[in-house]
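Novice: fold the following and give me the result.
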Amino acid sequence: MTAPVAVTPARRLWIYTNFDCNLQCSYCVARSSPRAERRVLAPHVYRRLIDEAVLTGVREVLLTGGEPFLLPDIAERLNYAADRLPTTVLSNAMLYHGRRLESLQQISREVTVQVSLDGGEAATHDDYRGAGSWQKTVAGIRTLRELGFTVVIGSTETPANRDCLDDLRAFVTALGIPRERHFLRPLAKRGFSREGLELSAADLEPELTVSQDGVFWHPLALDEDMLLTRRIFPLAAAWELLACRWQQVLAAGALPRPFK
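Specialist: Model prediction:
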């Protein structure tokens, strides 16, 4: 059964904290890599964004990248958000050692960590995300659970794992992650990806997304066709613009879908 289309945009806010990453996944829609420019939101801009999100009725904030845990002040950023709103951070969970483990330990356990895991074994995960990444990610998931964090697993369905999804689900359950905290998403043909679904803004239920470059329709892609405005503030104006564009999409008879 297809989920009903939302009449009003979901009151959740996505924030791209940075674009550099310790991995270069071949399907990365954000074109993140170790060579990508960081393009980080300045701390005062980030704090204002969270404060205005509260004032505009945002119910949840999600931080993504790039790899947010590359930022030296990620604990401060997450704690600032979690003190005000339900907060989730997306991560590949590979960097939790040394000073980054110390930083992780300082983060409020109110923060949910969503980890990307594409296989129940290395072969089906590493094919798109890089050799050796599965082992480090699994170790990171175990570290998060040992520290008491709520962990969500996001898996991308690929040709490499398509025939092994039951094994993946069983492995995630064995890691102690409840089924309701594990979701699958399809490949999207954006960024580095040369395969998958070709999705436009009209195909997607909007979720307001902010980066250093402006405000966008959806976190799937920060390309020009998804751009709402280069002006981040006031955030209320961006919400109004998103709602107006959304009504235009619905009036045109489009059949958009949720896409995590």
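
Novice: hey, let's count contacts and neighbours off CA atoms from now on
Specialist: Will do.

Novice: can you pull out the strands in the stretch 51-200 of the chain?
Specialist: 60-64, 87-91, 112-116, 150-157, 182-186 (DSSP state E, counting those that start in this stretch).

Novice: CSV for these, including mean neighbour count, distance to E52 and mean pLDDT?
Specialist: Formatted as CSV, those follow (neighbours: other C-alpha atoms under 10 Å; distance: least, C-alpha to C-alpha, whole Å; pLDDT from 0 to 100):
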stretch, mean neighbour count, distance to E52, mean pLDDT
strand 60-64, 23, 12, 98
strand 87-91, 23, 15, 98
strand 112-116, 22, 21, 98
strand 150-157, 21, 26, 98
strand 182-186, 14, 30, 96
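
Novice: can you tell me which of those strands is nearest to P256?
Specialist: strand 182-186 (14.9 Å; C-alpha to C-alpha).

Novice: that older thread, of the strands of the stretch 51-200 of the chain, which is nearest L242?
Specialist: That would be strand 60-64 among these, by C-alpha to C-alpha, at 16.5 Å.

Novice: need the contact partners of that closest one.
Specialist: With contact meaning C-alpha atoms under 8 Å, 6 or more residues apart in numbering, strand 60-64 is reached by 11-18, 81, 85-91.

Novice: export the strands of the stretch 51-200 of the chain to JSON lines and tack on distance to L175?
Specialist: As requested, these are exported to JSON lines (distance: least, C-alpha to C-alpha, whole Å):
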{"stretch": "strand 60-64", "distance to L175": "23"}
{"stretch": "strand 87-91", "distance to L175": "17"}
{"stretch": "strand 112-116", "distance to L175": "12"}
{"stretch": "strand 150-157", "distance to L175": "10"}
{"stretch": "strand 182-186", "distance to L175": "11"}
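
Novice: please identify which of these is closest to L235.
Specialist: strand 60-64 (13.5 Å).

Novice: ok now the closest one, how far from the chain's centre?
Specialist: The gap between the average C-alpha position of strand 60-64 and the chain average comes to 7 Å, counting by C-alpha atoms, centre = their mean, to the nearest Å.

Novice: cool, and stretch 58-76?
Specialist: 9 Å.

Novice: show the end-to-end separation of that stretch, please.
Specialist: Distance across stretch 58-76, first residue to last, is 20 Å (C-alpha to C-alpha, to the nearest Å).

Novice: with stretch 62-69 instead?
Specialist: End-to-end distance for stretch 62-69: 14 Å, by C-alpha to C-alpha.

Novice: tell me which element A10 is part of?
Specialist: Under the criterion DSSP states H and E, no helix or strand holds A10.

Novice: surely it meets T209?
Specialist: No: A10 lies out of contact with T209 (C-alpha atoms under 8 Å); the separation is 11.5 Å.

Novice: among the strands of the stretch 51-200 of the chain, which comes closest to L222?
Specialist: Per C-alpha to C-alpha, nearest to L222 of the strands of the stretch 51-200 of the chain: strand 60-64, 12.3 Å.

Novice: tell me the gap between the host helix or strand of L250 and the middle of its chain.
Specialist: Here L250, judged by DSSP H and E, is contained in helix 235-251. Centroid separation for helix 235-251 versus its chain: 22 Å, with C-alpha atoms, centre = their mean.
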